[in-house]
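K.L.:
here you go, sequence then predicted model.
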Amino acid sequence: AWTKHQVSGFKDTDEFEKEVVRHVETTLARSMFNCDESAAYSATSLAFRDRLILEWNRTQQRQTFADSKRVYYLSLEFLMGRALDNAMLNIGLKDVAKSGLAELGFRVEDIIEQEHDAALGNGGLGRLAACFLDSLASLNYPAWGYGLRYRYGIFKQEIIDGYQVEVPDYWLDFNPWEFPRFDVTVDIQFYGSVHKSQDESGKTISHWEGGETVRAVAYDVPIPGYATSTTNNLRLWSSKAASGEFDFQKFNNGEYESSVADQQRAETISAVLYPNDNLERGKELRLKQQYFWVAASLYDIVRRFKKSRRAWSEFPEQVAIQLNDTHPTLAIVELQRILVDLEGLDWEDAWRIVTATFGYTNHTVLPEALEKWSVGLFQHLLPRHLQIIYDINLFFLQTVERKFPNDRDLLRRVSIIEESQPKMVRMAFLAIVGSHKVNGVAELHSDLIKTTIFKDFVNIFGVDKFTNVTNGITPRRWLYQANPRLSSLIESKVGSKDFLVDLTLLNKIELSLNDKAFRKEWADIKLGNKVRLANYIKSSTGVVVNPTALFDVQVKRIHEYKRQQLNIFGVIHRYLALKAQTPEERKKAQPRVSIFGGKAAPGYWMAKQIIHLVNQVGSVVNNDKDIGDLLKVVFLEDYNVSKAEIITPASDISEHISTAGTEASGTSNMKFVLNGGLIIGTCDGANIEITREIGENNIFLFGNLAEDVEDLRHSHTYGSHTIDPDLAKVFEAIEKGTFGNPADFASLVTAIRDHGDYYLVSDDFHSYVETHALVDEAYKNQEEWVTKCITSVARMGFFSSDRCINEYAEGIWNIEPIKEENQS
Ligand code: 26Y
């Protein structure tokens with residue numbers, strides 16, 4: 001009977017308008033007479049949210065009835081960006097909203113602009129998690145994401161006098177996309193001590209007692225699939241004091257400050273996202289965040305499983321848990337604790353369940369990014385977990401010993417506990433031992449982890465435990481949403497929007513390669529996107545750039561291994577070369593705009609120096625009358641997801657130039673090519689597979705190969721290290737003060753000249769500069785260039801996150817889609 005009361009949401013412009021007005025006047029308690037863009041944004045979002053939540057309910061019901069296996073994606077970062085545009089497009093009602101808003105006196109673009117990015121992540125790893133959620137829902141997989149509801153996401157970056165300044169990103173003022181679930185809470189324990197007792201049969205039982213308790217409260221974010229009613233859930237945990245708002249005892253005694261302090265201490269756990277990307281810092285609060293989130297999520301997952309009244313042995317047939325890097329590795333220990341201490345299972349039975357449940361994705365081989373926690377910190381914060389880790393290690397080392405007797409050095413190398421001073425828990429090793437599959441994120445990376453950092457584990461567990469799932473990106477956000485004009489041009493050639501759900505259909509546009517009108521429209525769209533970016537550059541930096549110049553883009557986190565320093569040294573080299581030319585010679589030069597963007601971790605000195613140098617070079621070059629439009633250099637502040645949606649479609653060439661063997665995959669490389677830009681890159685990460693797909697004529701590769709990096713580094717330290725002569729001239733210019741006080745940039749120069757050039761900037765410089773010369777020449781032949789771009793886009797089908805998620809579903813999770821009956 002209740003079905004006849006089910007709300008169905010709006011279907012047309014009229015109904016949409018009614019919903020918006022209703023939300024303005026009731027939910028927001030404002031009158032339509034003073035409805036500004038911000039209120040219109042809120043009301044529009046609420047109208048869409050209502051719809052989503054109905055779909056969400058039906059999806060959850062359907063998935064529960066189906067009673068099949070679910071996947072849980074555990075990630076400390078979800079870099080979602082804006083939700084409204086994505087929801088409108090995935091639901092298919094953007095046109096309805098556009099006309100409805102127009103009738104109310106608003107432009108849909110302005111309303112979309114009102115939204116604050118959900119920036120709960122640092123970079124690639126967090127954005128990958130967001131693309132995965134979109135694909136999981138779009139492919140109708142029963143899946144939940146679990147993360148932390150940070151009060152402050154990644155900081156906002158301001159550039160002041162050429163330096164990065166960090167400003168807090170408070171984003172929760174009014175967030176229509178989340179549902180607090182004050183009834184879904186879990187109390188999480190920290191500190192305390194462990195006591196043992198014996199049951200009737202003489203079995204030892206461990207009790208973790210005392211310490212302090214913090215309450216986790218669930219906030220749910222609906223995740224709409226594209227062109228499907230499936231709406232999955234992202235559950236984010238927020239921390240608060242477990243004993244209610246105040247300690248009334250203290251409050252009654254007049255100790256107001258201290259009663260409030262307890263509450264604030266609890267709320268600190270989910271207060272802020274750690275802004276380090278690929279750099280581990282070993283802070284207690286970070287470990288607290290990890291356990292808080294993992295324990296709440298597992299409690300939730302186990303609670304759901306228990307409702308089915310199945311035997312524990314069936315847990316892995318109902319539940320797959322994917323660990324996004326080692327950050328959630330404590331989940332392995334926590335599940336073992338639940339099964340052994342709380343549910344009374346035998347250690348071996350429990351461990352079989354645990355290892356069958358978990359999969360671990362590695363995202364980096366950089367030693368400074370591998371998580372390690374001191375045993376002392378563990379003992380203090382999570383005493384029972386430390387015992388369990390020691391037991392896991394003991395049993396693991398026993399099996400190693402049986403397989404490879406008398407190899408003491410092997411045991412030392414693979415031990416989960418590093419016998420250093422102080423002793424450390426190696427989280428990656430724990431993740432490998434506790435999972436049934438370990439995957440890298442691009443072919444080269446997956447090969448590298450097998451032959452370097454996890455080599456011993458391949459010998460111990462066999463090679464089949466290790467696999468590759470090359471990353472992907474969602475074409476919904478990164479083509480349909482970010483580049484609507486290109487998307488509809490492609491649609492006109494493919495004959496439908498089906499390429500948005502089967503990206504391999506892009507190959508159909510290669511048939512139109514010689515279609516004049518198509519090529520003209522293609523070039524026109526790129527120019528339009530460049531004009532839009534040029535306007536943005538003007539309004540945000542004041543620099544005027546010529547939209548017909550070659551746009552050269554490097555936007556990503558600032559890191560020495562990603563080599564923005566190579567890029568800016570290359571720009572300086574170009575500037576010096578232009579300066580040395582006569583005005584007549586300069587006329588032949590290809591005009592360029594070098595565009596940089598990205599955040600530096602607040603404590604990463606070298607990264608901040610790089611930002612400063614880029615800005616200093618910009619202020620010299622951009623004001624040099626000899627140079628004019630031939631070269632402009634801009635640093636776009638506060639690079640984030642919504643800015644990426646403007647920048648990516650406007651690129652002619654983008655830079656993916658990490659030292660070979662250091663970038664696990666990269667995902668922006670895929671976004672740029674999908675948007676009709678070419679790339680210059682090293683043989684690293686997914687660049688290699690992109691080359692294989694699009695053809696080597698369509699990419700500008702340069703530099704040393706991963707296999708030669710070790711020898712080169714060795715020769716820097718032990719041989720004679722000579723700096724590339726062109727790079728030496730760049731250093732000379734810097735040291736002469738061409739770009740301001742040379743002392744400001746001394747560390748960037750000496751890292752290369754005097755401290756071993758770990759990232760091989762000098763070794764790759766010549767090849768880099770030469771390859772950029774090839775880019776200039778190629779760009780001058782616009783017909784050839786457009787051919788390369790169209791051909792590349794046509795061949796990018798492989799890099800959809802849909803393909804990627806299907807590989808995880810089949811090869812690691814063993815889950816099946818659950819579709820609504822009447823959906824095709
Ligand atoms: C330990 C902690 C400080 C830490 C925090 C964040 C360690 C690593 C990270 C983030 C890593 C990250 O973003 N890695 C990137 O993952 C992408 C998705 O797989 C890859 O494309 C990219 O190459 C890799 O750098």
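P.N.:
On my side now, so go ahead. Numbering: from 1, shown residues only.
K.L.:
quick one, grab the pLDDT at the residue in the chain sticking out farthest from the centre.
P.N.:
For the chain, the largest distance from the centre (C-alpha atoms, centre = their mean) belongs to residue 200, which lies 50.4 Å off. pLDDT for residue 200: 90.
K.L.:
may I ask you to confirm that it belongs to a helix?
P.N.:
No. Counting by DSSP: H, G, I helix; E, B strand; the rest coil, residue 200 is not part of a helix but coil.
K.L.:
quick one: it and the ligand, what's the gap?
P.N.:
Distance, residue 200 to the ligand, using C-beta to the nearest ligand atom, to the nearest Å: 45 Å. C-betas here are computed from N, CA, C, even on glycine.
K.L.:
got it, and residue 555?
P.N.:
Applying C-beta to the nearest ligand atom to residue 555 and the ligand gives a distance of 14 Å.
K.L.:
quick one, what contacts the nearest residue to that residue once chain neighbours are set aside?
P.N.:
Using C-beta to C-beta, 6 or more residues apart in numbering and skipping residues adjacent in sequence, the residue nearest residue 555 is residue 597, 3.9 Å away. When contacts are counted by C-beta atoms under 8 Å, 6 or more residues apart in numbering, residue 597 touches 553, 554, 555, 635, 636, 637, 639, 643, 647.
K.L.:
would you list those in TSV and tack on pLDDT and secondary structure?
P.N.:
Below are those laid out as TSV (pLDDT from 0 to 100; DSSP: H, G, I helix; E, B strand; the rest coil):
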residue	pLDDT	secondary structure
553	99	strand
554	99	strand
555	99	strand
635	99	strand
636	98	strand
637	98	coil
639	98	coil
643	98	helix
647	99	helix
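K.L.:
ok, of those residues, which one's closest to residue 173?
P.N.:
residue 643 (20.6 Å; C-beta to C-beta).
K.L.:
surely that closest one touches residue 650?
P.N.:
No. The pair residue 643 / residue 650 is not scored as a contact, 11.0 Å apart, by C-beta atoms under 8 Å.
K.L.:
lowest-pLDDT helix or strand in this protein?
P.N.:
Ranking every helix and strand in the chain by mean pLDDT, DSSP states H and E puts helix 248-252 at the bottom, with a mean of 70.
K.L.:
pull the CA atoms of it into CSV?
P.N.:
The C-alpha atoms that make up helix 248-252 are tabulated as CSV, following Å, rounded to 0.1, in the frame of the first residue of the first chain:
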residue,chain,number,x,y,z
PHE,A,248,28.0,17.4,33.0
GLN,A,249,30.0,16.7,36.1
LYS,A,250,32.7,19.1,35.1
PHE,A,251,30.1,21.5,33.7
ASN,A,252,28.2,21.6,37.0
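K.L.:
distance between that helix and the chain's centre?
P.N.:
Distance of helix 248-252 from the chain centroid (C-alpha atoms, centre = their mean, to the nearest Å) equals 44 Å.
K.L.:
now do that helix: everything it contacts.
P.N.:
Applying C-beta under 8 Å, 6+ apart, the external contacts of helix 248-252 come out as 256, 258, 259, 262.
K.L.:
hmm, 10 Å instead?
P.N.:
The contact list for helix 248-252 (C-beta atoms under 10 Å, 6 or more residues apart in numbering) reads 243, 245, 246, 255, 256, 257, 258, 259, 260, 261, 262.
K.L.:
about what we covered before: show me the beta-bridge partners of the residue nearest to residue 555.
P.N.:
Under DSSP bridges, the beta-bridge partners of residue 597 are residue 555, residue 636.
K.L.:
comparing residue 643 and residue 650, which residue is more hemmed in?
P.N.:
residue 650 (25 against 19; other C-beta atoms under 10 Å).
K.L.:
tell me the contacts of the closest residue in space to that one that isn't next to it in sequence?
P.N.:
Once flanking residues are discounted, residue 650 sits nearest to residue 533: 3.7 Å by C-beta to C-beta, 6+ apart. With contact taken as C-beta under 10 Å, 6+ apart, residue 533 is in contact with 545, 547, 551, 553, 593, 595, 636, 643, 646-651.
K.L.:
mind checking which of those residues are in strands?
P.N.:
Using DSSP state E, 551, 553, 593, 595, 636 are the members of those that sit in strands.
K.L.:
what bridges to the third one?
P.N.:
Which is residue 593. Beta-bridge partners recorded for residue 593 (DSSP bridges): residue 551, residue 632.
K.L.:
measure it to the ligand for me?
P.N.:
In terms of C-beta to the nearest ligand atom, residue 593 sits 26 Å off from the ligand.
K.L.:
quick one: stretch 646-662 near the ligand?
P.N.:
No. Applying C-beta under 6 Å from any ligand atom, one finds stretch 646-662 separated from the ligand by no less than 8.0 Å.
K.L.:
end-to-end on that stretch?
P.N.:
Stretch 646-662 has an end-to-end distance of 27 Å (C-alpha to C-alpha, to the nearest Å).
K.L.:
and what of stretch 420-437?
P.N.:
End-to-end distance for stretch 420-437, by C-alpha to C-alpha: 28 Å.
K.L.:
quick one: mean pLDDT for that stretch?
P.N.:
98.
K.L.:
what's the answer for stretch 23-38, then?
P.N.:
The average pLDDT within stretch 23-38 is 96.
K.L.:
any buried residues in that stretch, and which?
P.N.:
23, 24, 28, 30, 35 (16 or more other C-beta atoms under 10 Å).
K.L.:
how far away is the last one from the ligand?
P.N.:
Pointing back at residue 35 there. Distance from residue 35 to the ligand, by C-beta to the nearest ligand atom: 40 Å.
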